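S.K.: only geometry, no sequence info:
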Ligand code: NAD
């Protein structure tokens, strides 16, 4: 068997209704907490109030930073860190989708370190032991951020989306309560659900993959294939929300251990240059082209993925099934309403070259089984345009 390493320090509290236990977990890290969320809207306001009440009734003094924007920026983490310091927070609670959980992680670093969270990107300075503990409460399925050491942030001035990536950024505890996800609208359920698929699949082709990651990843992919299209027709289905929350957590465990590849490198560049594009949507835009580009270099994994999406390919060889994988991905994207092109999200055509360069800033593309040259990156973007 291929050698592998697997490490996961986050305590996972999973199950419908378990948000009621949040106070007891947060309290183990102190009594002063900064709750980090997006601004309340009708779908989320009562949820934020409920969580606040749960924390307050456990004797926790809560300050609420509610200014996280989707694809959070360095301005988000700076404002949150100011509030964490002013409140003398012992612990940061990120409640929401990846944007809120990632902002919580960046704030946990920035509040106790010199400079900005941007100074602690994975290739810059390392966060120290003074990093505040984070409790992550996921409300989308999802980014897996509740179980990863990653905090994705955007530097608006540089149009650059990058990440803090450090073991100190693992949440100490995460609460995955699928009932919190019942309010997620269709236009968020689809891209976040597709993100789960991408995390799981890219982990199987990342050089850091191994038997344990694959065990989790194929289970997550099977759940997404079976559950996501049906969930989009029945958003109040708790059982489907539970399954997607489980798949999301599995896929998060996969990326925390193995990592992502070319589509995520491209998706991050798209999100940095065009922040109005949701993360999962950015992946959907490039997945068919990336699949066509890569399948011949990882026929076993692409073949297996295609067979999960279309069980009639079971009788085909790895090569034949892998050849069908791009078409199967497109069918899935069509079913979930995400089969789109970059021109549909108003990317200026004259920025194709600039985007190609940006896609090669993060090392994700180098972890792909077939590594794109700059010319090939331009072709991938043109195909996705
Ligand atoms: P998000 O957190 O940006 O949320 C999208 C929208 O859905 C927001 O407006 C939010 O307020 C709303 N929302 C969230 N939960 C809701 C609920 N229960 N009911 C109603 N509305 C709700 O979306 P996301 O896709 O979860 O996160 C995207 C961010 O996570 C991106 O910045 C992405 O790059 C990052 N990301 C991080 C990791 C990681 O490991 N840290 C992995 C993948 C992606």
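M.R.: Everything's here; your move. Remember, it's a predicted structure, so these values are computed and weren't measured experimentally. Numbering: from 1, shown residues only.
S.K.: centroid residue for the chain?
M.R.: Centroid-nearest residue in the chain, with Cα atoms, centre = their mean: residue 143, separated by 2.4 Å.
S.K.: Grab the nearest non-local neighbour of that one.
M.R.: Computed as Cβ to Cβ, 6 or more residues apart in numbering, the closest residue to residue 143 that is not its neighbour in sequence is residue 98, at 3.1 Å. (Glycine included, C-beta is placed from N, CA and C.)
S.K.: who are the neighbours in contact with the residue nearest to the centre of the chain?
M.R.: 97-98, 101-102, 192, 195, 199, 248, 252, 279 (Cβ atoms under 8 Å, 6 or more residues apart in numbering).
S.K.: I'd like the residues you listed as a markdown table, with secondary structure and distance to residue 265 appended.
M.R.: A markdown table is the format used below for the contacts of residue 143 (DSSP: H, G, I helix; E, B strand; the rest coil; distance: Cβ to Cβ, whole Å):
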| residue | secondary structure | distance to residue 265 |
| --- | --- | --- |
| 97 | coil | 21 |
| 98 | helix | 17 |
| 101 | helix | 21 |
| 102 | helix | 17 |
| 192 | helix | 19 |
| 195 | helix | 14 |
| 199 | helix | 13 |
| 248 | helix | 21 |
| 252 | helix | 18 |
| 279 | helix | 13 |
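S.K.: Turn those into TSV, including distance to residue 217 and neighbour count.
M.R.: Output for the contacts of residue 143, formatted as TSV (distance: Cβ to Cβ, whole Å; neighbours: other Cβ atoms under 10 Å):
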residue	distance to residue 217	neighbour count
97	21	26
98	19	28
101	21	35
102	22	31
192	17	26
195	14	30
199	8	31
248	12	31
252	11	34
279	19	25
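S.K.: before we move on, back to that, which pLDDT value does the model give the residue nearest to residue 143?
M.R.: pLDDT recorded at residue 98 is 97.
S.K.: again, but for residue 5
M.R.: For residue 5, the model assigns a pLDDT of 89.
S.K.: For it, give me its contacts.
M.R.: Residue 5 touches 210, 257, counting by Cβ under 8 Å, 6+ apart.
S.K.: Residue numbers of the stretch 51-200 of the chain in contact with the ligand?
M.R.: 70-71, 96-100, 102, 139-140, 142-145, 148, 150-152, 180-181, 183-184, 188, 192, 195 (Cβ under 6 Å from any ligand atom).
S.K.: Tell me which of the residues you listed fall in helices.
M.R.: Within those, residues falling in helices by DSSP state H are 98-100, 102, 188, 192, 195.
S.K.: all helices for the stretch 101-250 of the chain, in order.
M.R.: 186-205, 211-233, 238-257 (DSSP state H, counting those that start in this stretch).
S.K.: And the stretch 251-385 of the chain, by the same measure?
M.R.: Using DSSP H, counting those that start in this stretch, helices in the stretch 251-385 of the chain cover 262-273, 279-294, 299-309, 318-323, 325-335, 352-358, 374-384.
S.K.: Reformat those into a markdown table and put distance to residue 162 and mean pLDDT next to each item.
M.R.: Listed next are the helices of the stretch 251-385 of the chain as a markdown table, based on distance: least, Cβ to Cβ, whole Å; pLDDT from 0 to 100:
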| stretch | distance to residue 162 | mean pLDDT |
| --- | --- | --- |
| helix 262-273 | 7 | 96 |
| helix 279-294 | 13 | 98 |
| helix 299-309 | 27 | 98 |
| helix 318-323 | 32 | 98 |
| helix 325-335 | 26 | 98 |
| helix 352-358 | 11 | 97 |
| helix 374-384 | 18 | 98 |
